[in-house]
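Novice: Just to be clear, the model below is a prediction. Sequence and coordinates:
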Amino acid sequence: MKKHIELLGILNIIYHFIEFLVGVGFFLFFPSIGLITGEPIAMGILTIIGTLLGGFLLVLSIPGIIAGFGLLKLRPWARILALIMACVNMLSIPVGTALGVYSFWVLMKDEVIQEFSKV
């Protein structure tokens, strides 16, 4: 199961890093579209939308990246954080759902629970 834990850590880092980049993209892209239009109302609305969506994705991605690194180092807190992130990931169909199901399958096994408890 160590290989599954390692793979899950890597998958969490990759998935949430991509989510992080998308969040940064929202921060930069939406206000830029508003500037291109030259309309003050469009600028304001697109800036708000970009800030909210980008901020939301950034807030969700950072704990996932931390959980991934924690899983690679077999930290006990990382298992709990990864399970919480798996619940959140389930809402992101289809890739997040697949990652969430795999997370539950790996992290709820008795041998994995014992592995994290002895560290």
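Specialist: All right, it came through fine. Numbers count the residues shown, from 1 in each chain.

Novice: Quickly find the element holding Ile49.
Specialist: helix 40-72 (DSSP states H and E).

Novice: Report the distance from that helix to the chain centre.
Specialist: 10 Å (C-alpha atoms, centre = their mean, to the nearest Å).

Novice: With stretch 70-90 instead?
Specialist: The answer for stretch 70-90 is 11 Å, by C-alpha atoms, centre = their mean.

Novice: Ok, stretch 33-44 next?
Specialist: With C-alpha atoms, centre = their mean, you get 30 Å for stretch 33-44.

Novice: what sits up against that stretch?
Specialist: Pro31, Ile45, Leu46, Thr47 (C-beta atoms under 8 Å, 6 or more residues apart in numbering). Heads up, the C-betas are built off the backbone N, CA and C, glycines and all.

Novice: Enumerate every residue touching the nearest residue to the first one once chain neighbours are set aside.
Specialist: Counting by C-beta to C-beta, 6 or more residues apart in numbering, the nearest residue to Pro31 once its immediate chain neighbours are dropped is Thr47, at 4.5 Å. For Thr47, the contact set (C-beta under 8 Å, 6+ apart) comprises Phe30, Pro31, Gly34.

Novice: measure Thr47 to Gly38 for me?
Specialist: Taken as C-beta to C-beta, to the nearest Å, the spacing of Thr47 relative to Gly38 amounts to 14 Å.
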